[in-house]
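Participant: Predicted structure and sequence below. I'll ask about it afterward.
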Amino acid sequence: MHEHDMQTCAKSKQTGGSDSISNEAYPAPRQNVQKGHEAVADVLNFLADDKHDEFAHWYARHEHLLVSGFTLWGYPVPVLEYANWRLLPDEALRVLGTDHRARVENRLQASRSERQDHLILSGEDLLVFHDKTGDASVGFVVVLSPEAVERFTAAQFPNAKLTPALVRLLICFLGGMSLTEGARHDDKSVETRKSQSRELRQRLGLERTSDIMRVVGARLVATISAELTEQTTSRSETFDRYVADYLPDDVRSVVLLDRDHRAFRVLDMGPQSGKPLLVLHAMILPDIRKQDIGMLHELGLRLVWPLRNGLNSPEDPVLSEDEQIRHACRGIDLVRELFCEERISILSFAASSKVALEYARQNRPYVDALYFAAACVLEGRPQGGVRRLAKGMLKLASFSEPLMSATMEYFQRTILSRQSFPKFIRKQFQDSTADSRIVEAELNNRFSGERFREALTTSVTSARHDFGFQRTLNWEVAKQLGIELHFLHGNDDPIHPLPLIETLAASLPGARLHVIEDAGQLLYHDHLRAVLTPVASRLCA
């Protein structure tokens, strides 16, 4: 892997006390550099200064890896295609650099006549070759950075807890180097590497060095081959774990497949004989309790949630915003065909209103009414204080996909850690008494905040689109639909204040606004009844 020059990253205090990271750390188009480093400073404003600098150095070194829509273990991983034993040119030169690209090309040419290893070392990284044909003329090269290998070992060997030095030694072994060769290559003493090798085997539970390739290497190749071969994943271990750990037993979880064998996960809750209501989730799912299921039986509502790609499932492929909306609309269509006999009503939370509007635009005859809970607006919303996070993410979503990927990855590893999360989430919702009550209930009751934290850390693939949706929410589409519109909004929402929603509702013909007293942006727990009651009154009349 070619080395990017390590840039000197300095932070300076600008007028107003905002943080600024040196432009030099971000190799972006000149007109976007200023926006880029300001947006990153907004997103990471919760962190101490040294963490900003740490991110800048990390990004300068690894930006060239963040070019693929493919993720493994929740981490972005470049996947390069080859055909006729030659790399396709799209991103190969940028990711590999001239020297290492030549090495890969030589390996591919050698595979014409003899069997080659699936794993080779490339600088700091490990290259994994996946052959799609028997003669190995077509396939993929997966570039695994040390961070990606660390994610793999954490997923496959959760008790190992490898240090960076042990991850490096593992990469050397997997890349075919002997202990002595690896020591010479990394300018380490053989004795140091012998000691590290013993520790590595002990942490992995292996007896011999040869077991590392036999067990770890085979598992790595098999995992990647399965991910690349299976174009759609109908099952997600992470999602299944979320359902088992955090949802009441009587919530039904199903996977629907369309004619192209694409998978769509669906949650179904409430009485099966109840009136179906399609619900589009916000950035993450709300905390659903046993008493909430009882309330659905009381109201006669059956909530059916077609889930977005990536929700509680870092194994899902990364989609563009347009692909995400198409996937979501297809999921709604499958649910409508399977669960609903008549026209449907859709309840959307937060920025998922964009999906609801797009589906209604395309399928107007099938939609009876749209309900927008905790709706989002862009113009006039607060930008300072704790709102800097959203402000920064919106900027990044507008012009820098690699930088947004890197920032969200770093945000996930630092701010969403077990140690930092409680302080962070309290600060984000401190301006709303109602939301603060919900946050404290999450942190102090049943799951001690882990449901909330895990929902965020395992939904990055989906959550990034919540910020993207908010750039253009397409409320003007609602004016042309001729469909009944309802807004359900709390009067203690400082993120999208009620006066802004009142103005929005007044601008849409026939729209009705239902104000939820003493509620903020988090419309669940005790607020869920106030959201669902007007919907049930209409559907079950």
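Facilitator: Structure received. Just so it is clear, the model here is predicted, and its values are computed rather than measured. Numbering: from 1, shown residues only.
Participant: so where do the strands sit in the stretch 51-200 of the chain?
Facilitator: Secondary structure of the stretch 51-200 of the chain, counting by DSSP state E, counting those that start in this stretch: strands at 71-72, 75-76, 79-83, 86-87, 119-122, 125-131, 139-144.
Participant: what's the second one packed up against?
Facilitator: Pointing back at strand 75-76 there. The elements that strand 75-76 packs onto, with contact taken as 3 or more CB pairs under 8 Å, 6 or more residues apart in numbering; DSSP states H and E, are helix 146-156, helix 401-414. For every residue, glycine as well, the C-beta is placed using N, CA and C.
Participant: can you tell me the average pLDDT over the longest one?
Facilitator: Computed over helix 401-414, the mean pLDDT rounds to 76.
Participant: residues in contact with R413?
Facilitator: With CB atoms under 8 Å, 6 or more residues apart in numbering as the criterion, no residue contacts R413.
Participant: State the distance from it to R151.
Facilitator: 10 Å (CB to CB, to the nearest Å).
Participant: got it, and E191?
Facilitator: Between E191 and R151 the computed distance is 30 Å (CB to CB).
Participant: neighbour count winner among these two?
Facilitator: Between E191 and R151, counted using other CB atoms under 10 Å, the more crowded position is R151 (19 against 9).
Participant: How much space separates that one from I501?
Facilitator: With distances taken as CB to CB, R151 is found 40 Å from I501.
Participant: and what of R446?
Facilitator: When distances are taken as CB to CB, R446 and I501 turn out to be 31 Å apart.
Participant: Show me which of the two is the more surrounded one.
Facilitator: Neighbours per residue (other CB under 10 Å) separate R446 from I501, with I501 holding more: 23 against 12.
Participant: Low-confidence regions, the stretch 301-450 of the chain specifically.
Facilitator: Counting by pLDDT under 70, the stretch 301-450 of the chain contains low-confidence residues at 384-387, 397-402.
Participant: ranges for the helices of it?
Facilitator: Counting by DSSP state H, counting those that start in this stretch, the segments of the stretch 301-450 of the chain that form helices are 321-339, 353-362, 388-399, 401-414, 421-428, 433-444, 450-457.
Participant: For the protein, which element, helix or strand, carries the lowest mean pLDDT?
Facilitator: Evaluated with mean pLDDT, DSSP states H and E, the helix-and-strand set of the chain has its lowest mean pLDDT in strand 11-13, which scores a mean of 28.
Participant: I figured K161 hits R203, correct?
Facilitator: Yes: K161 lies in contact with R203 (CB atoms under 8 Å); the separation is 6.8 Å.
Participant: So between the two, which is more surrounded?
Facilitator: With other CB under 10 Å as the criterion, K161 and R203 differ in neighbour count, and R203 comes out ahead with 17 against 11.
Participant: Just give the number of residues close to the nearest residue to the more buried one once chain neighbours are set aside.
Facilitator: Closest residue to R203 apart from its sequence neighbours, by CB to CB, 6 or more residues apart in numbering: A160 at 4.3 Å. Neighbours of A160 under the rule other CB under 10 Å: 18.
Participant: Looks like I284 contacts A455 (just checking).
Facilitator: Yes: A contact is recorded between I284 and A455 when judged using CB under 8 Å, the distance being 3.9 Å.
Participant: Please enumerate the shared neighbours of those two.
Facilitator: Common neighbours of I284 and A455 (CB under 8 Å, 6+ apart) are N312.
Participant: so D287 sits right up against L443, yeah?
Facilitator: No: counting by CB under 8 Å, L443 is not a contact partner of D287; they are 11.3 Å apart.
Participant: any common contacting residues for the two?
Facilitator: With CB under 8 Å, 6+ apart applied, the overlap between the contact sets of D287 and L443 consists of F452.
Participant: With neighbour numbers in mind, choose between these two.
Facilitator: Set side by side, D287 and L443 give different neighbour counts by other CB under 10 Å, the larger being at D287 (21 against 17).
Participant: Shouldn't the more buried one be within a strand?
Facilitator: No: note on D287: no strand contains this position according to DSSP: H, G, I helix; E, B strand; the rest coil, which reports coil.
Participant: Quick one: residues contacting it.
Facilitator: By CB under 8 Å, 6+ apart, the residues touching D287 are Y246, A441, E442, R451, F452, Y524, H525.
Participant: Next, find the distance separating it from H527.
Facilitator: In this view, D287 and H527 are 11 Å apart by CB to CB.
Participant: How about T457?
Facilitator: On the measure of CB to CB, T457 and H527 end up 25 Å apart.
Participant: Same question for E337.
Facilitator: On the measure of CB to CB, E337 and H527 end up 31 Å apart.
Participant: try H514
Facilitator: Here H514 is placed at a distance of 12 Å from H527 (CB to CB).
Participant: These two: which is more packed in?
Facilitator: For the pair H514 and H527, the greater number of neighbours falls to H527 (24 against 16), based on other CB under 10 Å.
Participant: and the residue nearest to the more buried one when sequence neighbours are not counted, what is it in contact with?
Facilitator: Excluding its sequence neighbours, the residue lying closest to H527 (CB to CB, 6+ apart) is A519, at 4.5 Å. For A519, the contacting residues are A434, G490, N491, D492, D493, H527, A530, taking CB under 8 Å, 6+ apart as the criterion.
Participant: Go ahead and build a ChimeraX selection from the buried members of those.
Facilitator: The following ChimeraX selection, which keeps only the buried ones among the contacts of A519, applies the criterion 16 or more other CB atoms under 10 Å:
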select :434,490,492,493,527,530
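Participant: out of the contacts of A519, who's nearest Y82?
Facilitator: Distances from the contacts of A519 to Y82 were compared by CB to CB; the smallest belongs to D493, at 51.5 Å.
Participant: any chance you could map the helices in the stretch 51-200 of the chain?
Facilitator: Read by DSSP H, counting those that start in this stretch, the stretch 51-200 of the chain holds these helices, from start to end of the chain: 92-110, 146-156, 164-174, 179-185, 190-204.
Participant: if you average pLDDT over the longest one, what comes out?
Facilitator: It stands for helix 92-110. Averaged across helix 92-110, pLDDT comes to 63.
Participant: And for the third one?
Facilitator: Along helix 164-174, the predicted confidence averages to a pLDDT of 92.
Participant: ditto for the second one
Facilitator: Averaging pLDDT along helix 146-156 gives 88.
Participant: for the shortest one, same thing?
Facilitator: Helix 179-185 comes out with an average pLDDT of 89.
Participant: And the contacts of it?
Facilitator: With CB under 8 Å, 6+ apart as the test, helix 179-185 has contacts from L169, C172, F173, M177, K188, S189, V190, T192, R193, K194, S197, T209.
Participant: Give me the buried subset of the residues you listed.
Facilitator: Those of the contacts of helix 179-185 that meet the buried threshold are L169, C172, F173, M177, K188, R193, S197, T209, by 16+ other CB under 10 Å.
Participant: The closest residue to the fifth one other than its chain neighbours and E484: what is the separation?
Facilitator: If the residues on either side of it in the chain are set aside, K188 comes closest to G182, at 7.7 Å by CB to CB, 6+ apart. Per CB to CB, G182 is found 67 Å from E484.
Participant: More neighbours: these two, which one.
Facilitator: A count of neighbours by other CB under 10 Å puts G182 above the other of G182 and E484, at 22 against 15.
Participant: Then L277 would be within a strand, right?
Facilitator: Yes: the secondary structure assignment for L277 places it in a strand, going by three-state DSSP.
Participant: Residue numbering should commence at 514 henceforth.
Facilitator: Yes, from this point I'll number from 514; that puts the last item at L790.
Participant: Tell me which residues touch it, please.
Facilitator: Counting by CB under 8 Å, 6+ apart, L790 touches L814, R815, L816, V817, S858, I859, L860, L1045, V1048, L1052.
Participant: That one bridge partners, please.
Facilitator: L790 has the following beta-bridge partners by DSSP bridges: L816.
Participant: Any figure for the gap between it and D724?
Facilitator: Applying CB to CB, one obtains 54 Å for the distance of L790 from D724.
Participant: Next step: the contacts of A1032 restricted to strands.
Facilitator: Where these overlap with strands, as defined by DSSP state E, the overlap consists of G1003.
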